[in-house]
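Q: just to be clear, the model below is a prediction. Sequence and coordinates:
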Amino acid sequence: MTDLVTASRPGATAGPPAVPRLALPVLLAGTFLVVLDFFIVNVALPSLQRDLHAGADTLEWVVAGYGLTFAALLLGAGRLGDRFGRRRVYALGIALFTATSAACGLATSGAVLVAARLAQGAAGALIGPSVLAIIGALYTGPARARAVGTYSTVMGLAAVSGQLIGGVLLRLDVAGLGWRAVFLLNVPIGVVVVALVPRCVPPSRAARPGRLDLAGLALAAVALTALVLPLLQGRSAGWPPWTLLSLAAAPVLLVAFLRRQRSLVRAGADPLLDPRLFRSRAFSVGLLAQLVLWAGQASYFLVLALYLQNGRGLDPLRSGLVFTVLAVAYLAASAQAPKLAARYGRRVVIAGAAVFAAGHLAALVAVRQAGPVPALVPGLLLTGAGMGLCLTALMATVLASADAQQAGAVSGLLATVQQVGNAIGVAVIGIVFFGALDGGYPHAFGLSLGLLAGLLAALAVLSLGLPPGPRPARRAG
């Protein structure tokens, strides 16, 4: 995985003395698109379901398929940039992302849309590691810290604003595009970014790029597919034998992948995933906590969007405005989370998980009482605040405990697990939500909220294994 620290060590390509002013905005535009596209689609799901006569499994694939291919290729994408040039791979990723976005927007059936989303996720995997590696090559010291901080802020803004942007697009219904606009929006932006990359982003590559382990990458991709595919298709197919065999094969394939990575380390070769990282308890626990957190994150946005539109009759814009309540609380909490994490360590993650779960339970009470939509606001505020605390503090706590030479590898693997969690969470919560729709949307949403609150309780328990961090200073007297 591309290491941010590597770019500043001897032997790596150094950035130019003066960084072009537009370099960071051009890079962050790609980051914004990739993150936005995961979340903006939620608010368009009911519309595209009606237009394409799509089933529940198609909706799940539209969301989870993007995360699946993104995660499967993310491990090897950084190596491509090291070998062929990070600017070149970033530009290629944006170009492919633009083309696949157009394919999504022009899809004539659910199957075509799912195929385009899978390709779009693969293109997105080329963008993320390239952006981080170029930032590491261009900036040093405080400038790098500011650039990485801006990168994190842009990711958060893209995630929390996606539903509102989607709602506005569907309300405007430009040229009668409807839900297609949430994908076609990427096309003009992508074209501009591709044109600006050669002018604004200096080239960089690793002086000694590692080899890309194609066999290991294939094993990881097949293992993830073996896990997610039956979860997405099993319920609608009646759980035929192949789904159970596939689920049983997933851990076997994962073990084979890890054994291959160990053999590469023993041979002095370059693994996609360095197994020695797992010697750190902070890393192992942090990775599992990241998986649990994101499994609940993406799936929550999915079921909330469907509940608000199909269950409460809100149009996409009003649904997007409801998500804005989450966004405001998220931004307020995430702004304070790094400072709190530096002082209180894992306690912030545990507190965030508790607040997050309390928000789900408050929303569950409002749903059970069949109150008006504003009755959801207290729960949404708690959920957004807990989300902001957890997401930022978990990353900060794990990275703070990592060796400086491993910081880039750790952050890259956390990003990979984030996408895996997205895909698994949508698949698992989708089984509960769509399986309970015979009882109505409030019933299905309520069951999902209960399960999501349980996931957050598991996150709080897992977080006890993270480094405790410094003890708060006691006041004298």
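A: Now that the structure is in, tell me what you want to look at.
Q: where does the prediction get shaky in the stretch 101-250 of the chain?
A: Counting by pLDDT under 70, the stretch 101-250 of the chain has low-confidence residues at 207, 209-210.
Q: please repeat the previous calculation with a cut-off of 80.
A: 132, 136, 140-141, 144-145, 148-149, 152-153, 156, 159-160, 204-211 (pLDDT under 80).
Q: repeat that for the stretch 251-400 of the chain.
A: 277, 279-283, 342, 392, 395-400.
Q: do a quick rundown of the strands in it.
A: In the stretch 251-400 of the chain, no strands are defined using DSSP state E, counting those that start in this stretch.
Q: next secondary structure after the lengthiest helix in the chain?
A: In the chain, taking DSSP state H as the definition, the longest helix is helix 141-172. Downstream of helix 141-172, the first helix or strand assigned by DSSP states H and E is helix 181-184.
Q: quick one: that next one to chain centroid distance?
A: Its chain's C-alpha centre lies 19 Å from the corresponding centre of helix 181-184 when counted by Cα atoms, centre = their mean, to the nearest Å.
Q: and the next helix or strand past it?
A: Using DSSP H and E, the helix or strand that follows helix 181-184 in sequence is helix 186-200.
Q: what packs against that following helix?
A: With contacts taken as 3 or more Cβ pairs under 8 Å, 6 or more residues apart in numbering; DSSP states H and E, helix 186-200 sits against helix 23-52, helix 86-105. Placement of C-beta: from N, CA and C, glycine included.
Q: what's the last one packed up against?
A: The reference is to helix 86-105. In this structure, helix 86-105 makes packing contacts with helix 23-52, helix 56-84, helix 110-138, helix 181-184, helix 186-200, judged by 3+ Cβ pairs under 8 Å, 6+ apart.
Q: so which of the ones you listed gets nearest Leu264?
A: Closest to Leu264 of the helices and strands packed on helix 86-105 is helix 56-84 (Cβ to Cβ; 12.6 Å).
Q: distance of Arg144 relative to Thr150?
A: Using Cβ to Cβ, to the nearest Å, one obtains 11 Å as the distance from Arg144 to Thr150.
Q: need the contact list for Arg205.
A: Taking Cβ atoms under 8 Å, 6 or more residues apart in numbering as the contact definition, Arg205 lies against 13, 81-86.
Q: so how far is Ser130 from it?
A: As it turns out, when the distance is counted by Cβ to Cβ, Arg205 lies 11 Å from Ser130.
Q: find residues that contact each of these two.
A: Contact criterion Cβ under 8 Å, 6+ apart; residues bridging Arg205 and Ser130 by contacting each: 81, 86.
Q: wait, Phe38 sits on Thr69?
A: No - with contact defined as Cβ atoms under 8 Å, Phe38 does not count as touching Thr69 (11.9 Å).
Q: quick check: Leu340 touching Leu389?
A: Yes - taking contacts as Cβ under 8 Å, Leu340 lies within contact range of Leu389: 7.4 Å.
Q: might one say that Leu113 is in contact with Thr58?
A: Yes - the pair Leu113 / Thr58 is scored as a contact, 7.4 Å apart, by Cβ under 8 Å.
Q: which one's more surrounded, the two?
A: The residue with the greater number of neighbours, taking Leu113 and Thr58 and applying other Cβ atoms under 10 Å, is Leu113; the counts read 26 against 21.
Q: could you list every residue that touches that one?
A: Under the criterion of Cβ under 8 Å, 6+ apart, the neighbours of Leu113 are 48, 52, 54, 58, 62, 104, 107.
Q: adding distance to Arg180, write those out as a markdown table.
A: Written out in a markdown table, the entries for those read as follows (distance: Cβ to Cβ, whole Å):
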| residue | distance to Arg180 |
| --- | --- |
| Leu48 | 8 |
| Leu52 | 10 |
| Ala54 | 14 |
| Thr58 | 16 |
| Val62 | 13 |
| Cys104 | 8 |
| Ala107 | 8 |
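Q: closest one of these to Gly435?
A: Thr58 (15.8 Å).
Q: check contacts around the residue nearest to that closest one when sequence neighbours are not counted.
A: By the measure of Cβ to Cβ, 6 or more residues apart in numbering, the closest residue to Thr58 outside its immediate chain neighbours is Gly110, 3.9 Å from it. By Cβ under 8 Å, 6+ apart, Gly110 lies in contact with 52-55, 58.
Q: looking at Arg144 and Thr150, which is more packed in?
A: Shown here are Arg144 and Thr150; by other Cβ under 10 Å, Arg144 has more neighbours (19 against 16).
Q: distance check, that one against Ile134.
A: Distance check for Arg144 against Ile134: by Cβ to Cβ, it reads 11 Å.
Q: give me the buried entries from the contacts of Arg205.
A: If you count burial by 16 or more other Cβ atoms under 10 Å, the buried members of those come out as 13, 81-82, 85-86.
Q: same list, those residues, but as CSV with distance to Ala396 and pLDDT please.
A: Formatted as CSV, these follow (distance: Cβ to Cβ, whole Å; pLDDT from 0 to 100):
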residue, distance to Ala396, pLDDT
Thr13, 28, 45
Gly81, 25, 80
Asp82, 26, 79
Gly85, 31, 86
Arg86, 25, 86
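Q: and these, which two are the farthest apart?
A: Taking Cβ to Cβ as the measure, the buried ones among the contacts of Arg205 have their most distant pair in Thr13 and Gly81, spaced 11.2 Å apart.
Q: touching, Ala223 and Phe257? I think so.
A: Yes - under the criterion of Cβ under 8 Å, Ala223 makes contact with Phe257 at 5.9 Å.
Q: so for those two, which residue has more residues nearby?
A: Set side by side, Ala223 and Phe257 show more neighbours around Phe257, with 24 against 21, by other Cβ under 10 Å.
Q: I'd guessed that one sits against Leu219; true?
A: Yes - checked against Cβ under 8 Å, the pair Phe257 and Leu219 is within contact range at 4.2 Å.
Q: just the pLDDT at the nearest residue to Ser130 once chain neighbours are set aside, thanks.
A: If you skip the residues right next to it in sequence, Ser130 has Tyr90 as its closest partner in space, 3.8 Å away by Cβ to Cβ, 6+ apart. At Tyr90, the pLDDT value in this model is 93.
Q: next, count neighbours for Tyr90.
A: If you count neighbours by other Cβ under 10 Å, Tyr90 ends up with 26.
Q: any idea how far it is from Ala103?
A: Tyr90 sits 20 Å away from Ala103 when distances are taken as Cβ to Cβ.
Q: kindly report the same for Arg87.
A: To Ala103, Arg87 is 25 Å away according to Cβ to Cβ.
Q: what of His443?
A: Computed as Cβ to Cβ, the His443 to Ala103 distance reads 36 Å.
Q: same thing with Pro241?
A: Summarising the geometry, the distance separating Pro241 from Ala103, computed by Cβ to Cβ, is 34 Å.
Q: neighbour count winner among those two?
A: Summary of the neighbour comparison: Pro241 and Ala103, criterion other Cβ under 10 Å, with Ala103 having more neighbours (17 against 7).
Q: who touches the more buried one in this structure?
A: Neighbour list for Ala103: 112, 116, 119-120 [criterion: Cβ under 8 Å, 6+ apart].
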